[in-house]
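Student: Structure, please.
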Amino acid sequence: MRTFFWGLGVFMLANAFLCLLRAYLGPTVADRILAVNIVGTKTLVVLVLLSYIFGRSLYLDVALVYGLLNFLVTVVATRFMETGRLSGETT
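Tutor: The predicted model follows:
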């Protein structure tokens, strides 16, 4: 069963590199933000898989913090893309 999870982790990392290619080649900023967000989500899944494989709950804590930071960065980048600033009124 661990071999399956190792293979799944390698597949997720290979898929993340394809998303990085999409982020590099993306024609718009929205495509790039979405691709980087997907890479962050795949990294989170790989951290959870490593936590299961090695039996270490520390990786789950790291994955939780990484997921929260990934969400926050995506929201901030999208707001900056939409309004051109990070704080103040949105009108």
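Student: Can you spell out which helices and strands pack onto the host helix or strand of Arg32?
Tutor: Using DSSP states H and E, Arg32 falls within helix 29-54. For helix 29-54, the elements it packs on are helix 2-25, helix 58-83, judged by 3 or more CB pairs under 8 Å, 6 or more residues apart in numbering; DSSP states H and E. Heads up, the C-betas are built off the backbone N, CA and C, glycines and all.
Student: Pull the residues that contact the first one.
Tutor: Looking back up the chat, that one is helix 2-25. With contacts defined as CB atoms under 8 Å, 6 or more residues apart in numbering, helix 2-25 is touched by 31-32, 35-36, 38-39, 42-43, 45-46, 49-50, 52-53.
Student: Surely Val62 is in contact with Val46?
Tutor: No. In this structure Val62 lies outside contact range of Val46 using CB atoms under 8 Å: 11.1 Å.
Student: more crowded one of the two?
Tutor: Val46 (19 against 16; other CB atoms under 10 Å).
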